[in-house]
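**Student:** My questions are about this predicted structure, shown below with the sequence.
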Amino acid sequence: MTLPWPTFWESIREEDRPALKSILAELLTTGVLLGDEGRARELYLIAREYPRELGEFLAVLDLELIHDPDRPIFQARPVAGECALTASFTKDETLVVLALWRVYDEERMARPSQAVILDANALDAKLKLYFEAIEPPQPTQLDRILSKLRRKKLIRYQRGEEQFGQSQIEILPTLPRVIPFEDASAWEEQAALFNQGKPEETEGEEAETAP
């Protein structure tokens, strides 16, 4: 069954309507429209024509539409304390996200124009450096966490064929917006809580509608 097109969007060109449905589905499912290749590129170019319409639609759900100025990315970020569409990260998932946030922040400060890429061995070393009192996730668990972050389009992740430690991770600019610290000091305050063993679970600020 095909539902009727909403009357408040009658101004949208008929040929763009199927794409707009796909764009909203992507933003509500993963929180991100990454338009760097293939069909996603086509959707991104159409989304650029309707930022007001998309933004107003998402605002009803307390989601803020963000257009990355440097990359072909639209991101739907929940308004803190208002949006009901937030994902929960486990403690281990949050540790990985925090570590990746710090790596991204440090690399962007040093080399702002370059992609931020590291391997799983380097990530493991960072986890041990940042969270000395906590045992980092084992390779199988880390693989699962990285796969989840890839599905959410927070990273690009290519698992090493022979050795897991050689797995390649590119941190996308979408990830820092999941936990939007103002600066490294704010990050340090949050990381200190984990080093003291306090948080068991935290909410990430990304759109998710999965039950």
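**Tutor:** Yep, that arrived. Residues are numbered from 1 along each chain as shown.

**Student:** quick one, domains of this protein?
**Tutor:** 7-78, 89-203 (automatic domain parsing).

**Student:** Let me see the contact set for the residue nearest to the spatial centre of the chain.
**Tutor:** Taking Cα atoms, centre = their mean as the criterion, residue 154 is the residue nearest the geometric centre of the chain, at 3.4 Å. Each residue near residue 154 by Cβ atoms under 8 Å, 6 or more residues apart in numbering is listed here: 32, 97, 100, 171, 172, 174, 175, 178, 206. No exception for glycine: its C-beta is placed from N, CA and C like everyone else's.

**Student:** Now it: closest residue in space that isn't a chain neighbour?
**Tutor:** Distances taken as Cβ to Cβ, 6 or more residues apart in numbering place residue 175 nearest to residue 154, at 4.1 Å, with adjacent residues excluded.

**Student:** picking that back up, just the contacts of residue 154: which are in helices?
**Tutor:** 97, 100, 175, 178 (DSSP state H).

**Student:** hang on, the earlier thing: comparing the domains of the chain, which gets the lowest mean pLDDT score?
**Tutor:** For those, the bottom mean pLDDT is recorded on domain 89-203, which sits at a mean of 87.

**Student:** circling back to that earlier point, the residue nearest to residue 154 against residue 104, yeah?
**Tutor:** Yes - counting by Cβ atoms under 8 Å, residue 104 is a contact partner of residue 175 at 6.4 Å.

**Student:** Tell me which of these two has more neighbours.
**Tutor:** The neighbour comparison of residue 175 against residue 104 (other Cβ atoms under 10 Å) goes to residue 175, with 22 against 18.

**Student:** one step back: farthest pair in the ones in helices among the contacts of residue 154?
**Tutor:** Greatest spatial distance among those (Cβ to Cβ): 100 and 178, at 9.6 Å.

**Student:** Switch the ones in helices among the contacts of residue 154 over to CSV; also include distance to residue 158.
**Tutor:** Compiled in CSV, those are given as follows (distance: Cβ to Cβ, whole Å):
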residue, distance to residue 158
97, 19
100, 15
175, 16
178, 21
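
**Student:** and of those residues, the nearest to residue 58?
**Tutor:** Comparing the ones in helices among the contacts of residue 154 against residue 58 with Cβ to Cβ places residue 178 closest, at 16.4 Å.

**Student:** So residue 3 belongs to a helix, correct?
**Tutor:** No - going by DSSP: H, G, I helix; E, B strand; the rest coil, the assignment for residue 3 is coil, not a helix.

**Student:** how close does it sit to residue 97?
**Tutor:** Taking Cβ to Cβ, to the nearest Å as the measure, residue 3 falls 36 Å from residue 97.
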